[in-house]
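# Just need the structure, nothing else, for what follows:
(chains A and B)
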Amino acid sequence: MNEILGFSTLDLSRFQFATTSIFHYFFVPFTVGFALIIAVLQTLAYRSGDPKLENLTRFFGHLFFINFAVGVVTGIVQEFQFGMNWQGFSNFVGNIFGIPLALEVLMAFFLESTFLGLWWFGKDRIPAWASLASIWIVAAGTTISAFWIIIANAWMQHPVGFEIKNGRAVMTNAWAIVTNPKGLEWFAHIWAGSLTVAAFFVLAVSAYHLRRRANVEAFRVSFRVALITALIGSGGVILAGHEQGQSAVRDQPMKYAAFSALWDTPDGNQMPESLIALPSNAARENRFELSVPYVGSFLAFNNFSEKAKGINDLQKEYEAKYGPGNYTPWVWPVYWSFRVMVGLGFLMLLVTLVYVWRWRQGKLDDPGRLYPLLLAMPLAPHLANFSGWIATEMGRQPWIVQGLLRTGDAVSQLNPLWVLLSLAAFWVVYLTLIGLDVFLLTRTARAGMHEPDVETPSVPAPDYVPEGARA
Amino acid sequence: MTDLPTLWFILTAAIFAIYFFLDGFDFGVGALQPFLARTEAERRAMIRTVGPFWAANEVWVILAAGVIFAAFPHWYGTLMTALYPEFALILLALIGRGVAFEYRAEINHRRWRTFWDVTSFVTNLLPAFLWGAIMANMVRGLPIDATGRFDGSLLYSVNTFSVLGGLATLSLFILHGATYLLLRLDNDDVLHRRARRAALIWGAVASALVLAFVYQGFIRTGLFGTFGLQEWLFPVAAAVNLGLIWLALTLKRDALAFAATGLTIVFSTATIFGSLYPNVLPSTLGDAYNLTVQNTASEPYTLRLLTWVGAAFLPLIIGYQAWNFYVFRQRIRAQDEKIPGGHD
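All right, here's what the predicted structure looks like:
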């Protein structure tokens, strides 16, 4: 049996991997950015000795903690997937891909899980400086983890430092893999994106309480810290994204052409940039298109005359190079998800700039008329991440490792029924988790922080009663 | 010095042993909770014994998987594809378990807590059983063909030997959880007395199941085949060790009891990996198709890199994880638990 309900093991495994990655990625960037914001807040609290700030740190720490648990458990699935559903891939790249993965565990996961426990449960058992060090270690751990996983992913998109031996990729130069230019660009992009995820969340929560005039002095601080983070994040995302686009033209021209729905190499002396298009893989052209001249050349090459190759030319080139086959990704989802990502990036920058302007005007304590937008903004970076992953991962099909291994050759030979069953189970569990996470985050965020001097009322634990006598 | 693939095989076994030792007691505590804790304060106290530790304990399995991926890529893909249902269930259980530990205390509502208590019970039980089943299947061998692919039905792995292996690890982990509680709970606590009774009962169950597994492994598989020792030594050693656990429990030497259950887990893991060597996954279709330490290993460059990285970070990790246990060394009393808003 090779198919079930019309889906092959390959289809289902791809869908399962996308599911796992995207769900996992709701939590990961949040963790990366949020740990940093909390570390900054705790540093401010430590230096000022202000109990209000310390309380603020614990409040956001609680929100972090709710999210962290789900991030950890969904990450394990991510790792095991490579062996379970992608046996051909594990075999082909294990020599290379396993190393950054092992480094991620050794350098990051142990740090995060141990020191977060110390920070959260051990506040009264370790000195204040050790608690501060712990949260900084957690923040460093989350960043290191993001670095190694992006290095691993970048290798799949742009393989370096290897040779092919007995049909497997074998590492020849570890330094080249660590300094893969693709990896460094992506890490910058991913890290800046993570800052926006956390920053807009903290902005929304802080605005909510500022609006209600609750703990104004504390939430004013978190609002400002988050605003600076949002500025670095949204500015950084756009700059790093621009760099990435330019390197994609060189290294993954097919993906770049799909981003732009550029079917034919432009025949003029410049490349226009598509604004709106309805690409069709069947017709191998756009059914409708609106574009502006020269901008495409400028975005891709920083000049007004160079041109990228179109999809149809690249298809012919690849057939000549790799043999007959379909090398064209499914263009419309790539094109549109790319545009959604870019649009949201600019929206984030715009909102940030408005509030930086208000800060200069001295009106920051009041979220103003943009308040409803600010409450909705935490969705924007998540949606941008989601679209970004769709664009970059669908854009490189049919390759799982660019130019070396096709996705279809990487999949495990599994009974599709088992993949379907596991996929269904993961969906049920993940949807439940997302629901619970959002519910608990909202509930805890809205409840606000306790007053510094008011302890949670401690009720004496019930005395032990003889067995069977309890109601 | 031994060759690098063998070194990494030994380290893989060691990482699994550490994982089973550490997460073993988490699983045990989770599985025992509904039977030992009768009040909300007692339930909280039991969770608190593992609260600051479970996440870091679980990372050892992520490391084990990462190391197999990097050092033995061929083993990684074949094993996980062949035992797909087992691994999928373990993953689902680990998800549920982690969230149950953290989310239970978030809302002070009876039904909410009960939901997480049930989730925690099931999701601690499942991996404890499944790891045993996976290890048993590794020892027993799987139908691996000439291309290194699994060539059997996906229910191939469900058989009396693997079920017995699952039950043996499950009972061993529950016993290990009980002796862990003896160390972590206040001596005068009623919960402590219940934990001791549980340890005695599960000590008996685990003894029977482990001996049965050892016997089955002895007659049915190559277990113990490669040690070059008298084969009857293993059942005898297992029996002596289980006897030691009983002795420690009845003499109320709690630290000794915990050390003994922990060592049982470590020795069992060592036995399983030791008897596999030089294979990592024997094929039931013929010895020529066996996956071995040598034919699944990564290239020397990768292994050398892994060795440097491991040498740099493993001691550090063990160091700070030990410090973590030291910081939270205080014994826990159910009386100290604060329950916001009242009793159950």
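
# What residues does the stretch 101-250 of chain A have near chain B?
By Cβ under 8 Å from any Cβ of the partner chain, the part of the stretch 101-250 of chain A that sits against chain B consists of A:101-107, A:109-111, A:113-118, A:120-122, A:125-126, A:165, A:168, A:170-172, A:174. Heads up, the C-betas are built off the backbone N, CA and C, glycines and all.

# now the residues you listed: which count as buried?
Listed as buried from those are A:101-107, A:109-111, A:113-118, A:120-122, A:126, A:168, A:170-171, A:174; burial here means 16 or more other Cβ atoms under 10 Å in any protein chain shown.

# By mean pLDDT, flag the weakest helix or strand of chain B.
Lowest by mean pLDDT, DSSP states H and E among the helices and strands of chain B is helix B:233-250, with a mean of 80.

# Counting by contacts, list what that one packs against.
Using 3 or more Cβ pairs under 8 Å, 6 or more residues apart in numbering or on different chains; DSSP states H and E as the contact test, the elements touching helix B:233-250 are helix B:160-184, helix B:190-220, helix B:254-276.

# Please tabulate the ones you listed in a markdown table, including the columns mean pLDDT.
Converted to a markdown table, these look like this (pLDDT from 0 to 100):
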| stretch | mean pLDDT |
| --- | --- |
| helix B:160-184 | 93 |
| helix B:190-220 | 86 |
| helix B:254-276 | 88 |
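
# Deepest in the core, which of the ones you listed is it.
Taking mean count of other Cβ atoms under 10 Å in any protein chain shown as the contact definition, the stretch among the helices and strands packed on helix B:233-250 with the greatest mean neighbour count is helix B:160-184, which reaches a mean of 26.

# Give the full set of residues in contact with B:Gly217.
For B:Gly217, the residues meeting the contact criterion (Cβ atoms under 8 Å, 6 or more residues apart in numbering or on different chains) are B:136, B:139, B:161, B:223-224.

# before we move on, what about B:Phe9?
Under the criterion of Cβ under 8 Å, 6+ apart, the neighbours of B:Phe9 are B:72, B:273, B:277, B:280, B:293.

# Could I get the buried residue list for the helix or strand harbouring it?
Taking DSSP states H and E as the definition, one finds B:Phe9 inside helix B:4-36. By neighbour count with 16+ other Cβ under 10 Å, helix B:4-36 contains the buried residues B:4-5, B:7-33, B:36.

# if we can go back for a sec, of the contacts of B:Gly217, grab the buried ones for ChimeraX.
The ChimeraX selection below is limited to those of the contacts of B:Gly217 classed as buried (16+ other Cβ under 10 Å):
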select /B:136,139,161,223,224
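
# Give me the residue ranges of the chain where confidence is low.
I'll assume chain A. Within chain A, the set of residues satisfying pLDDT under 70 comprises A:1, A:450-471.

# you looked at the wrong chain, it should be chain B
Counting by pLDDT under 70, chain B shows low-confidence ranges at B:1-2, B:222, B:224-232, B:234-235, B:339-344.

# Just the closest residue of it to chain A, please.
Using Cβ to the nearest Cβ, B:Pro73 is the residue of chain B that sits closest to chain A, at 2.1 Å.

# Not counting sequence-adjacent ones, nearest residue to that residue?
Excluding the flanking residues, the one nearest B:Pro73 by Cβ to Cβ, 6 or more residues apart in numbering or on different chains is A:Gly94, at 2.1 Å.

# So the one you found is in contact with B:Trp75, correct?
No - A:Gly94 sits out of contact with B:Trp75 when judged by Cβ atoms under 8 Å, with a separation of 9.1 Å.

# Contact partners for the closest residue in space to A:Val340 that isn't next to it in sequence?
Beyond its immediate neighbours in the sequence, the residue positioned closest to A:Val340 (Cβ to Cβ, 6+ apart) is A:Ser387, lying 4.3 Å away. A:Ser387 makes contacts with A:337-338, A:340-341, A:344, as judged by Cβ under 8 Å, 6+ apart.

# Likewise for B:Leu89?
Neighbouring residues of B:Leu89 by Cβ under 8 Å, 6+ apart: B:126, B:130.

# name the element whichever residue of chain A sits closest to chain B belongs to?
Of chain A, the residue with the smallest distance to chain B, taken as Cβ to the nearest Cβ, is A:Gly94 at 2.1 Å. Remark: A:Gly94 resides in helix A:87-104, with elements defined by DSSP H and E.

# chain center to that helix: distance?
In terms of Cα atoms, centre = their mean, to the nearest Å, the centre of helix A:87-104 is found 21 Å from the chain centre.

# Kindly calculate the angle that the helix or strand hosting A:Ser131 makes with helix A:87-104.
Assigned by DSSP H and E, A:Ser131 belongs to helix A:128-157. The directions of helix A:128-157 and helix A:87-104 differ by 150 degrees, with axes from the mean of the first three to the mean of the last three Cα atoms, to 10 degrees as the criterion.

# Can you point out the buried residues in helix A:128-157?
If you call a residue buried by 16+ other Cβ under 10 Å, then helix A:128-157 has these buried ones: A:130-157.

# try stretch A:190-206
Neighbour-count burial for stretch A:190-206, with 16+ other Cβ under 10 Å as criterion, is recorded at A:190-206.

# What of stretch A:376-394?
Applying a neighbour-count criterion of 16+ other Cβ under 10 Å, one finds A:377-378, A:380-382, A:384-394 buried in stretch A:376-394.

# gap between that stretch and the chain center?
Once both centres are worked out by Cα atoms, centre = their mean, stretch A:376-394 turns out to sit 8 Å from its chain's centre.

# In this model A:Ile99 seems to touch B:Pro73, though I could be wrong.
No - the pair B:Pro73 / A:Ile99 is not scored as a contact, 10.9 Å apart, by Cβ under 8 Å.

# need the contact list for B:Asn137.
B:83, B:86, B:157, B:162, B:165.

# Walking through the stretch 1-150 of chain B, point out its strands one by one.
Counting by DSSP state E, counting those that start in this stretch, the stretch 1-150 of chain B yields no residue ranges for strands.

# Helices of that one, start to end?
B:4-36, B:40-50, B:54-71, B:73-82, B:84-103, B:110-140 (DSSP state H, counting those that start in this stretch).

# Would you tell me which helix is longest in chain A?
Ordering each helix of chain A by length in residues (DSSP state H) puts helix A:9-48 first.

# Show me how far stretch B:148-168 is from its chain's centre.
In terms of Cα atoms, centre = their mean, the gap separating the centre of stretch B:148-168 from the centre of its chain is 18 Å.

# what's the neighbour count on residue 127?
Picking chain A for this. As a burial measure, the neighbour count of A:Pro127 was computed by other Cβ atoms under 10 Å in any protein chain shown and equals 8.

# The intended chain is chain B.
The local packing of B:Pro127 (other Cβ under 10 Å) involves 27 other residues.

# next one: A:Trp427
Here the number of neighbours of A:Trp427 (other Cβ under 10 Å) works out to 14.

# who's in contact with it?
Shown here is A:Trp427, whose contacts under the criterion Cβ under 8 Å, 6+ apart are A:Thr19.

# now do B:Glu337
The neighbours of B:Glu337, taking Cβ under 8 Å, 6+ apart as the test, are A:461, B:40-41, B:44-45, B:48.

# what do you get for A:Val401?
A:Val401 makes contacts with A:89, A:92-93, A:155-156, A:159, A:169, as judged by Cβ under 8 Å, 6+ apart.

# What of B:Ile144?
Remark: with contacts taken as Cβ under 8 Å, 6+ apart, B:Ile144 is in contact with B:78, B:82, B:150-151, B:281, B:283-285, B:289-291.

# And A:Gly395, by the same measure?
A:252, A:254-255, A:258-259, A:329, A:334, A:338.

# again with A:Glu289
A:Glu289 makes contact with A:261, A:274, A:276-278 under the criterion Cβ under 8 Å, 6+ apart.

# among those residues, who's most crowded?
Greatest neighbour count in the contacts of A:Glu289, by other Cβ under 10 Å, goes to A:Ala261: 25 neighbours.

# Return the set of buried residues in the longest helix of chain A.
In terms of neighbour count (16+ other Cβ under 10 Å), helix A:9-48 has its buried residues at A:9-14, A:16-17, A:19-42, A:44-46.

# From the contact counts, what lies against it?
Using 3+ Cβ pairs under 8 Å, 6+ apart as the contact criterion, the secondary-structure elements in contact with helix A:9-48 are helix A:51-85, helix A:128-157, helix A:181-211, helix A:216-251, helix A:379-394, helix A:407-410, helix A:416-447.
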